[in-house]
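Asks: Take a look and give me a structure for this.
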Amino acid sequence: MSSREALAIAEERDLDLVKISPNANPPVCKIMNYGKYLFELNKKNKEAKKNQKIVEIKEVWLSMTIDVGDLNVKARQAQKFLTAGNKVKVSIRMRGRQMAHSDLGLEVMKRFFELVKDCGTMEKQPLTEGRNIWMMLAPVKS
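Replies: As a prediction, this is how the structure comes out:
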């Protein structure tokens, strides 16, 4: 049917004539309530956005000379972050002569991971970058 006839039918029904494929020969059109269509589309997008979970990266700082009690406190803090669904970056900054003994820092990282392994998985192994040693923990998938 011609576009004029289709437009007349759309106006008669108080609807809009929307071109779906204007480059086709002949152009493909649809009679619909375009305002309602846009409203439904926005509503669907908002609903999808509401259901998304934004993952934050929380950071926990340790030292190479950390004692057992302090390590347990930091581990509990990291477990709280992991159970909330956030990722945790665990960092150690080496100072002075500690740079020569980075293997001790890796041991501290391993002990820390043993304390939190029921809540999280190791996403990145402990990595030494300059003065820092860091690893990334992700929450356990349920």
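Asks: longest single strand anywhere in this structure?
Replies: Longest strand in the chain, counting residues (DSSP state E): strand 120-129.
Asks: What lies in contact with that strand?
Replies: 78-79, 82, 87-88, 102, 105-106, 109-110, 113, 133-140 (C-beta atoms under 8 Å, 6 or more residues apart in numbering). C-betas here are computed from N, CA, C, even on glycine.
Asks: which of these count as buried?
Replies: 78-79, 82, 87-88, 102, 105-106, 109, 113, 133-139 (16 or more other C-beta atoms under 10 Å).
Asks: In contact with the spatially most central residue of the chain, which residues?
Replies: Per C-alpha atoms, centre = their mean, the C-alpha nearest to the average position across the chain is that of Val55, at 3.9 Å. Going by C-beta under 8 Å, 6+ apart, Val55 touches Gly85, Asn86, Lys87.
Asks: so where is the protein shaky, pLDDT-wise?
Replies: Residue ranges of the chain with pLDDT under 70: 142.
Asks: Pretty sure Ala138 sits against Lys87.
Replies: Yes. With contact defined as C-beta atoms under 8 Å, Ala138 counts as touching Lys87 (5.3 Å).
Asks: Show me the beta-bridge partners of Met135.
Replies: For Met135, the beta-bridge partners are Val90 (DSSP bridges).
Asks: I'd like the distance between Lys30 and Ala48.
Replies: As judged by C-beta to C-beta, to the nearest Å, Lys30 and Ala48 stand 24 Å apart.
Asks: Doesn't the residue nearest to the centre of the chain belong to a strand?
Replies: No. Going by DSSP: H, G, I helix; E, B strand; the rest coil, the assignment for Val55 is coil, not a strand.
Asks: Many thanks, I have nothing further to ask.
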